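>>> Quick one, what's the 3D model for this:
(chains A, B, C and D)
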Protein chains: 4
Amino acid sequence: MKTEFNFPIRVYYEDTDAGGVVYYANYLKFYERARSEWLNHLKVNQTELLENNIAFVVTRAEVDYIKPARLNDQLEVRSRIIKLGASTVVFEQVLFLKQNEKLEILNQAIIKVASLKLDTFSPCRIPAKVKEEFQRVS
Amino acid sequence: MKTEFNFPIRVYYEDTDAGGVVYYANYLKFYERARSEWLNHLKVNQTELLENNIAFVVTRAEVDYIKPARLNDQLEVRSRIIKLGASTVVFEQVLFLKQNEKLEILNQAIIKVASLKLDTFSPCRIPAKVKEEFQRVS
Amino acid sequence: MKTEFNFPIRVYYEDTDAGGVVYYANYLKFYERARSEWLNHLKVNQTELLENNIAFVVTRAEVDYIKPARLNDQLEVRSRIIKLGASTVVFEQVLFLKQNEKLEILNQAIIKVASLKLDTFSPCRIPAKVKEEFQRVS
Amino acid sequence: MKTEFNFPIRVYYEDTDAGGVVYYANYLKFYERARSEWLNHLKVNQTELLENNIAFVVTRAEVDYIKPARLNDQLEVRSRIIKLGASTVVFEQVLFLKQNEKLEILNQAIIKVASLKLDTFSPCRIPAKVKEEFQRVS
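A predicted model of the protein is given here:
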């Protein structure tokens, strides 16, 4: 059974553009914050990984823009692992607008992440301790 | 025959992250700059469109991260229209590293854009004058 | 007596640059988030203000970079109003690193904000209801 | 006699916010691009400096927001060195709107930059070769 990680996001001026809505690249920032906080929650230390020459790097992103988010909106990202390989992990992440206790879907993404050696950007196995945590929530 | 629009990008500190490479969301900024300059080149005025309640909004993005771009890299975005509908247009955009007169592919994207009424975010036909320009380069 | 508003910030990849620390422009994002959440807390609705042709716009910023913030740092912004005029308000905002229940100062700023008519960018009195709230916390 | 370095900037959607103008933090991005291109022009290699544990880090910024820049504006940053010390250099940078061959001032900044050892963030002398270049244009 899959475990979901829920993470709240508030929309600030920095996220919006002259169209009055969230700029299309910034949804990827929201999704990355959610993945990073999930790693924090799983006690995976990204700074420590960087120091050990390992980085989790996005290799493919598919994003569907369903409805726009707007200034001051209270959002929620729901993240799940949908595929776990030796050196890659695929996340499904969905962004909801939270209003009056109701959730409305605004955006969704499939994000493929690879474990890489930072100096050469060549793939490497996901560190065992991290893999274990990913398996626990997949 | 398809016309390609080429646009140069320089990588600055603002584009990079603590991994030492361009932050994954920022490639979408590069692609948007290239599309905007193409519109400028085609004499399509986005500010005027906004004032007339029309915006070109991305509805789907697929991005493949092949190799990372780094601080101070000189890049080039090559953009083509690969599909043109009544209210949508699909771009293929490829990002190259330019070094010693050689081009190395770093990143590529398929970006679907819809013509929308800004107040309701409902689809509308691409304005005729703009459509004509898109047809000329498709 | 001055009331302080405290707001937590987590540092994500998007905030950092290739120097391994938070990019210098992004501290201004942190300060703006803190001011916006303070406005939310005071029940001042910025979207409503925009619709009424009023925006709070920064007219001067002085930022002192004391120590850098780093990836995944848990920070806190402390904001105070230090001067309140008819159409302007001056904030003092200080950014702390929060570690083991201790606070270390990293950055501080003096931010002058003006109440402007959005269409002409000419100064206007701070709306009475908002002014009242500012007075209450100054 | 002071040498000025002029650098062009185009405003894209990514730079703007829901107020319809350039987001206040993003002017610092424009100024940093101009300083970086000046360093490139002077054959100072920031990536090489980073690899040698040296970074030029902003320690103080004063920004005056005079008039806002807007979507698709063609801007120009004019940069000068106004003070040069052993480990610090102070830039004056002015942002102009370029329209019909006329320049209108929009924004200006005083930016103090320090030469730091990247690992300890302690001040260090500006490398001799770089200092020489700075002196030549101060």
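
>>> Pairing partners for the longest strand seen in chain A, with directions?
Taking DSSP state E as the criterion, chain A has its longest strand at strand A:102-117. Within its sheet, strand A:102-117 is paired with strand A:54-65 (antiparallel), strand A:88-99 (antiparallel), strand A:122-123 (antiparallel), according to DSSP bridges.

>>> Relative to B:His41, which of those is closest?
Nearest of those to B:His41, taken as CB to CB: strand A:54-65 at 25.0 Å. (Glycine included, C-beta is placed from N, CA and C.)

>>> List the contacts of that closest one.
A:24, A:27-28, A:39, A:46, A:49, A:88-89, A:107-118, A:121, A:124, A:127, B:19, B:24, B:57-65, B:68 (CB atoms under 8 Å, 6 or more residues apart in numbering or on different chains).

>>> and with 6 Å instead?
Strand A:54-65 has contacts (CB atoms under 6 Å, 6 or more residues apart in numbering or on different chains) with A:107-114, A:116, A:118, B:19, B:24, B:58-65.

>>> in the lowest-mean-pLDDT helix or strand in chain A, what counts as buried?
Least confident helix or strand of chain A, by mean pLDDT, DSSP states H and E, is helix A:46-51 with a mean of 88. With burial defined by 16 or more other CB atoms under 10 Å in any protein chain shown, the residues of helix A:46-51 counted as buried are A:46, A:49-50.

>>> now stretch A:106-123
A:106-116, A:118, A:123.

>>> Pick out whichever of those residues sits closest to chain B.
Using CB to the nearest CB, A:Leu118 comes nearest to chain B of the buried residues of stretch A:106-123, at 6.6 Å.

>>> Contact partners for the closest one?
A:53, A:55.

>>> same check, this time on A:Ile111
Residues counted as contacts of A:Ile111 (CB under 6 Å, 6+ apart) are A:58, A:61, A:91.

>>> Buried ones from these, can you make that a PyMOL selection?
Of the contacts of A:Ile111, the buried ones can be selected in PyMOL as follows, counting by 16+ other CB under 10 Å:
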select buried, chain A and resi 58+61+91
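
>>> Same list (the contacts of A:Ile111) but as CSV, adding distance to B:Gln135.
Converted to CSV, the contacts of A:Ile111 look like this (distance: CB to CB, whole Å):
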residue, distance to B:Gln135
A:Val58, 35
A:Ala61, 30
A:Phe91, 39
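
>>> which residues of chain A score low on pLDDT?
Applying pLDDT under 70 to chain A flags residues A:1.

>>> The lengthiest helix in it near chain B at all?
Using DSSP state H, we find that the single longest helix of chain A is helix A:26-41. Yes - Helix A:26-41 comes into contact with chain B (CB under 6 Å from any CB of the partner chain), by way of A:28-29.

>>> gap between the residue of chain A positioned farthest from its centre and chain C?
Each residue of chain A has a distance to the centre, and by CA atoms, centre = their mean the biggest one is for A:Ala18: 25.5 Å. As judged by CB to the nearest CB, to the nearest Å, A:Ala18 and chain C stand 12 Å apart.

>>> which ones are touching that residue?
Counting by CB under 6 Å, 6+ apart, A:Ala18 touches D:16, D:20, D:71.

>>> can you pick the most crowded of those residues?
Counting neighbours by other CB atoms under 10 Å in any protein chain shown, D:Thr16 leads the contacts of A:Ala18 with 24 neighbours.

>>> Is the closest residue to that one other than its chain neighbours within a helix or a strand, and which one?
Nearest residue to D:Thr16 in three dimensions, chain neighbours excluded: A:Ala18, at 3.8 Å (CB to CB, 6 or more residues apart in numbering or on different chains). Under the criterion DSSP states H and E, no helix or strand holds A:Ala18.

>>> Quick check: the gap between A:Ala18 and D:Val22.
Remark: distance between A:Ala18 and D:Val22 (CB to CB, to the nearest Å) = 9 Å.

>>> any residues in contact with both of these two?
Common contacts of A:Ala18 and D:Val22, defined by CB under 6 Å, 6+ apart, comprise D:Thr16.

>>> unless I'm mixing things up, A:Ile81 is touching A:Arg136, no?
No - under the criterion of CB atoms under 6 Å, A:Ile81 makes no contact with A:Arg136, lying 10.0 Å away.

>>> Look at these two and report which has more neighbours.
Between A:Ile81 and A:Arg136, counted using other CB under 10 Å, A:Ile81 has the larger neighbour count: 20 against 10.

>>> Look up phi and psi at the more buried one.
Torsion angles at A:Ile81 (phi, psi; degrees, to the nearest 10) stand at phi -90, psi 120.

>>> Check the one 5 residues further on too.
When read as degrees, to the nearest 10, the backbone of A:Ala86 gives phi -70, psi -40.

>>> Quick one: residues contacting the closest residue to A:Lys67 other than its chain neighbours.
Sequence neighbours aside, A:Leu106 is the residue nearest to A:Lys67 in space, at 4.7 Å (criterion: CB to CB, 6+ apart). For A:Leu106, the contacting residues are A:66-67, A:69, A:95, A:97, by CB under 6 Å, 6+ apart.

>>> Can you select the buried ones from the residues you listed in ChimeraX?
To isolate the buried members of the contacts of A:Leu106 in ChimeraX, using 16+ other CB under 10 Å:
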select /A:69,95,97
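
>>> could the contacts of A:Leu106 be laid out in a markdown table, adding distance to D:Tyr12?
Output for these, formatted as a markdown table (distance: CB to CB, whole Å):
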| residue | distance to D:Tyr12 |
| --- | --- |
| A:Ile66 | 24 |
| A:Lys67 | 23 |
| A:Ala69 | 20 |
| A:Leu95 | 23 |
| A:Leu97 | 26 |
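
>>> What is the nearest of the contacts of A:Leu106 to B:Lys102?
Distances from B:Lys102 to these, taken by CB to CB, are shortest for A:Leu95, at 39.6 Å.

>>> Return the residues in contact with the residue nearest to the closest one when sequence neighbours are not counted.
Nearest residue to A:Leu95, sequence neighbours excluded (CB to CB, 6+ apart): A:Asn107, at 4.1 Å. A:Asn107 makes contact with A:27, A:65-66, A:95 under the criterion CB under 6 Å, 6+ apart.

>>> hang on, the earlier thing: the least confident helix or strand of chain A near chain C at all?
Yes - against chain C, helix A:46-51 shows contacts by CB under 6 Å from any CB at A:Thr47.

>>> Could you list the residues in contact with that helix?
Residues from elsewhere that reach helix A:46-51 (CB under 6 Å, 6+ apart): C:71-72.

>>> let's go with 7 Å and repeat that
Contacts with helix A:46-51, where a contact means CB atoms under 7 Å, 6 or more residues apart in numbering or on different chains, come from A:36, A:39, A:55, A:118, B:18-19, C:71-72.

>>> which of those lies closest to chain D?
Ranked by distance to chain D (CB to the nearest CB), the contacts of helix A:46-51 are led by B:Ala18 at 12.1 Å.

>>> Against B:Tyr12, how distant is the closest one?
Noted for B:Ala18: a distance of 15 Å to B:Tyr12, by CB to CB.

>>> and A:Glu101, how many neighbours does it have?
Per other CB under 10 Å, the neighbour tally for A:Glu101 reads 5.

>>> contacting residues for it?
So A:Glu101 contacts nothing (CB under 7 Å, 6+ apart).

>>> Show the backbone phi and psi for it.
Torsion angles at A:Glu101 (phi, psi; degrees, to the nearest 10) stand at phi 70, psi 0.

>>> do you know how far it is from chain D?
In terms of CB to the nearest CB, A:Glu101 sits 26 Å off from chain D.

>>> gap between that residue and A:Glu76?
Distance of A:Glu101 to A:Glu76, computed by CB to CB: 12 Å.
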